[in-house]
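Undergrad: Turn this into a model:
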Amino acid sequence: MSRIHWHADWLSVEGALERVLRRTRPLGAERVPALTALGRTLAEEIRASADHPPWDASAMDGYAVRAADVVGASAHRPVPLMVIEEVPAGGLPERNLGPGQATRVMTGAPVPLGADSVIRVEHTAGWATRTDGTGWAGVGETVAITSDADAGKNVRRRGEDVREGDIVVPRGRVLRAAEIGAAAMAGRLHLRVHRRPVVAILSNGDELIEPDDRAGAIGGRRVVNSNAHALAAAVLSAGAEPRMLGIARDNEDDIRTHLAGVTGADVLITTAGASVGEFDLVRAVLDEVGFELEFWRIRMQPGSPFFFGRLGDTVVFGLPGNPVSALVTFEVLVRPALRHMAGRSAVHNRTLVVRTAERIPPGIDRTRFLRVRLEPGERDGEPIARLTGPQGSGISTSLVAADALMIVPARDGVIEAGERLTAIPLLEPDPGEATPPF
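TA: Numbering: from 1, shown residues only. I've put the predicted structure just below:
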């Protein structure tokens, strides 16, 4: 077949990411049970259907009182109040509170009209008529207030959390336990969420074998296809659904056969076949079936031979074949796109300012993403970023040991130890010997 020669765009990393996000769109929405929506992106606003709390509620087990009655109370000068009612959680007060009176209340119970404070039980004592030693005084008995520390406190006002009609969970929020709970508070057990992107993953190369082909791996005749499994895990962590298409051999017919599995997928990720070698046939077959190229080649290391475009309604990412290059380009360019397609309002990882632990020699005119381990810093509280070892694009263990990708801008000259750079934290880093956060 005739070859279509692609012109190398040599985009900056920033330019490539901008074009990727511009050419992707959030997917449609579906209504699902709230518990199955965990980790997905909300496609609607959730509004409160009522005030919360729905009444002035007690924040403590104790006695609802008027602050004016208890100001000045102490263990030496206790203030006696008559208990007129008891309101358990789930109950409702039947009597308003007047001067010199108290209502025994449980946490979450409504406080009666007239009360503006709840005195915790620790600041009370049974009066002479109460001798069981519990400190509680019942209805018709007198309670002694032994401290005024709670005057004006421990009442959760009606609507102090949310008012009816308030937005409790905004559109575009990734749903965690807190958001699921807020939705339940609003009476919502089913939610509209964006559909998860379905991501087809195609590996390419005669040299590849699957991990269970131990004879080929041990004999040194083939290379284990680790990329597909690493990328499938990365896709899952990005909130998408992987569809593994297997290994397409270095012939166009086999590539066409495997590409048939892309039908219905939102995204296609290919590994290898993105460079300029004689047997990099994936690009040729894609061109044959209607692929529209957006760009090819980025000024980044690792990961320069990267392409992006569309095959009909399917977004296509062509990743390099080296394991580190594949995962680094996924983190920098693919993960934000999948988050965007999943409807997230925030698609980028938060970055850190770090200080380099060692001297970094000058590089070529590309942005470098070095794998680093973060260590506690003593100066300014900024973490120290230490290289995980050799940084070759085929050294998978450089990523296994890493908590972050340190961004080294394309520039002339050496970066000395102690200089400040930006790093992208990787998801769920190994905490190592970290101390408790409290």
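
Undergrad: Would you mind measuring from Ala357 to Ile415?
TA: According to Cβ to Cβ, to the nearest Å, Ala357 stands 11 Å off from Ile415. (Each C-beta comes from the backbone N, C-alpha and C, glycine too.)

Undergrad: Please read the previous query as pertaining to Leu281.
TA: Distance, Leu281 to Ile415, by Cβ to Cβ: 39 Å.

Undergrad: Setting aside sequence-adjacent positions, which residue approaches Ala50 most closely?
TA: Glu164 (5.3 Å; Cβ to Cβ, 6 or more residues apart in numbering).

Undergrad: The one you found belongs to a strand, doesn't it?
TA: No - judged by DSSP: H, G, I helix; E, B strand; the rest coil, Glu164 forms no part of a strand; its state is coil.

Undergrad: burial measure for it, as a count.
TA: By other Cβ atoms under 10 Å, 13 other residues sit near Glu164.

Undergrad: which strands and helices sit next to the helix or strand hosting Met406?
TA: Element membership of Met406, judged by DSSP states H and E, is strand 404-408. Counting contacts by 3 or more Cβ pairs under 8 Å, 6 or more residues apart in numbering; DSSP states H and E, strand 404-408 packs against strand 352-356, strand 367-375, strand 420-425.

Undergrad: how long is stretch 164-181 from one end to the other?
TA: 16 Å (Cα to Cα, to the nearest Å).

Undergrad: And for stretch 19-34?
TA: Using Cα to Cα, one end of stretch 19-34 lies 34 Å from the other.

Undergrad: buried set for it?
TA: Neighbour-count burial for stretch 19-34, counted by 16 or more other Cβ atoms under 10 Å, picks out Arg19, Val20, Leu21, Arg23, Thr24, Pro26, Leu27, Ala29, Ala34.

Undergrad: Tell me the confidence at the second one?
TA: The one in question is Val20. Per-residue pLDDT puts Val20 at 97.

Undergrad: Now do the contacts for it.
TA: By Cβ atoms under 8 Å, 6 or more residues apart in numbering, the contact set of Val20 is Glu294, Phe308, Leu333, Pro336, Ala337.

Undergrad: give me the low-pLDDT residue ranges for the stretch 101-250 of the chain?
TA: 126-135, 214-220 (pLDDT under 70).

Undergrad: Run through the strands of it in chain order.
TA: Taking DSSP state E, counting those that start in this stretch as the criterion, the stretch 101-250 of the chain carries its strands at 101-105, 117-120, 124-126, 142-145, 155-156, 167-169, 190-194, 198-204, 208-209, 223-224, 241-248.

Undergrad: Quickly run through the sheet partners of the fourth one, with directions.
TA: Which is strand 142-145. Partners of strand 142-145 in the sheet, by DSSP bridges, are strand 79-87 (antiparallel), strand 124-126 (antiparallel).

Undergrad: Pick the one among the contacts of Val20 closest to Ala48.
TA: Pro336 (32.0 Å; Cβ to Cβ).

Undergrad: ok so that closest one is a strand residue?
TA: No - judged by three-state DSSP, Pro336 forms no part of a strand; its state is helix.

Undergrad: Surely it is in contact with Arg22?
TA: No - taking contacts as Cβ atoms under 8 Å, Pro336 lies outside contact range of Arg22: 11.8 Å.

Undergrad: hmm, back to that, of all the strands of the stretch 101-250 of the chain, which lies closest to Arg373?
TA: Of the strands of the stretch 101-250 of the chain, nearest to Arg373 by Cβ to Cβ is strand 223-224, at 25.3 Å.

Undergrad: which strands and helices sit next to that closest one?
TA: Looks like strand 223-224 contacts strand 208-209 (3+ Cβ pairs under 8 Å, 6+ apart).

Undergrad: quick one: average pLDDT of stretch 75-91?
TA: 94.

Undergrad: can you give me how far it is from the chain middle?
TA: Centroid separation between stretch 75-91 and its chain, computed with Cα atoms, centre = their mean, to the nearest Å, is 46 Å.

Undergrad: quick thing: my sequence starts at 47, can you match it?
TA: Got it, the first residue is 47 from now on, which makes the last one we talked about stretch 121-137.

Undergrad: Tell me the buried residues in that stretch?
TA: Of the residues in stretch 121-137, Pro124, Val125, Leu127, Val129, Ile130, Glu131, Glu132, Val133 count as buried by neighbour count, 16+ other Cβ under 10 Å.

Undergrad: which residues touch it?
TA: Contacts for stretch 121-137 (Cβ under 8 Å, 6+ apart): 109-111, 115-116, 118-119, 139-141, 143, 146-158, 171, 173, 183-193.

Undergrad: Centre-most residue in the chain?
TA: Val220 (7.0 Å; Cα atoms, centre = their mean).

Undergrad: circling back: quick one: the strand holding Met452 to chain centroid distance?
TA: What separates the centre of strand 450-454 from the centre of its chain is 20 Å, taken as Cα atoms, centre = their mean.
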